[in-house]
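S.K.: Could you work out the structure for the sequence below:
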Amino acid sequence: MDANQAFEFETLVPKSTDISGTGQFTTNCQNCRTTCHFPCRQAHDNDKHRCSVMDRIGSCMICKCPWNVHFNQKYRYEMVKEKVQRSSDAIRQQYQGAVSEALTNEQLLARIEKEIKKHESQLMELIQATYPCIQRLDEIALRPHPFSTPDYIDLMIAAEKQEHRSGYQQRIVTLHKLREMADFTAKLIRDQQKTVIRRMSSLSLKPKQQLKRPSAKTVADLN
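M.R.: Residues are numbered from 1 along each chain as shown. I've put the predicted structure just below:
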């Protein structure tokens, strides 16, 4: 990587959209500059712990920040794709942390790959967290859905192939990796279920100990 070489790439940046006068409320995180819930029923900031994206302890299930850094504002954040230019030195400084810590190109690439894997893992957690919610909605609607997590990922891959939005090829590669992880997780769950069923079956098949009826002599001795 040449020193101070310029790179141009597309990235998602948050852009604010004015919603004043619409009568709708937002749940915006000030730490992340993200709209975690829109439209939201909770108009007052003091009630944001009641927002549907907050868990039982008051943490946001979208950004993981506490509820009290979320506010209702007159705008919402939307992620917009923009082309930006950055130098290799700027990218290096982002990942090397302390100024005194110098990174080689190999170390820099290793840190970037580690961060990519971290985001892939977080995405997988979000997909797995979404699946029970969809199942619950189907139960409420009296419409059982046979799809598993890998099935939903297949639908996402098919949608990416059909829509051909910018960057779709890289997203498809990531989704295929996530599908492999989902298949592995599903196999582990199935194996655990089979183990439990086998143990329960073995317990139910064990012969029950029969109680021996006392003999007449034993009864006489007791009397």
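S.K.: okay, now the domains of the protein?
M.R.: Residue ranges for the domains of the chain, per automatic domain parsing: 6-99, 104-199.
S.K.: Low-confidence stretches in the chain?
M.R.: Of all residues in the chain, those with pLDDT under 70 make up the ranges 1-10, 84-103, 105, 128, 130-147, 189, 193, 196, 200-223.
S.K.: where exactly do the helices run in it?
M.R.: Listed in chain order, the helices of the chain (DSSP state H) span 88-96, 105-140, 149-163, 168-205, 216-222.
S.K.: From the contact counts, what lies against the third one?
M.R.: Here helix 149-163 touches helix 105-140, helix 168-205, going by 3 or more CB pairs under 8 Å, 6 or more residues apart in numbering; DSSP states H and E. For glycine as for every other residue, the C-beta is placed from the backbone atoms N, C-alpha and C.
S.K.: want to throw those helices into CSV with distance to residue 69 and mean neighbour count?
M.R.: Supplementary listing: these in CSV, determined by distance: least, CB to CB, whole Å; neighbours: other CB atoms under 10 Å:
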stretch, distance to residue 69, mean neighbour count
helix 105-140, 19, 12
helix 168-205, 29, 12
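S.K.: can you list the ones you listed in JSON lines and add distance to residue 66?
M.R.: Conversion of the helices and strands packed on helix 149-163 to JSON lines gives the following (distance: least, CB to CB, whole Å):
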{"stretch": "helix 105-140", "distance to residue 66": "18"}
{"stretch": "helix 168-205", "distance to residue 66": "28"}
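S.K.: Compare the ones you listed and give me the one nearest residue 36.
M.R.: Comparing the helices and strands packed on helix 149-163 against residue 36 with CB to CB, the closest turns out to be helix 105-140 (12.7 Å).
S.K.: Contacts only, for residue 119.
M.R.: Contacts were defined as CB atoms under 8 Å, 6 or more residues apart in numbering; by that measure residue 119 touches no other residue.
S.K.: for residue 62, same thing?
M.R.: Under the criterion of CB under 8 Å, 6+ apart, the contact list for residue 62 reads 29, 34, 36-37, 53.
S.K.: which one of those is nearest residue 167?
M.R.: Among these, and counting by CB to CB, the member closest to residue 167 is residue 34, at 19.6 Å.
S.K.: Can you name the residues bridging to the closest one?
M.R.: Here residue 34 sits in beta bridges with residue 29, as judged by DSSP bridges.
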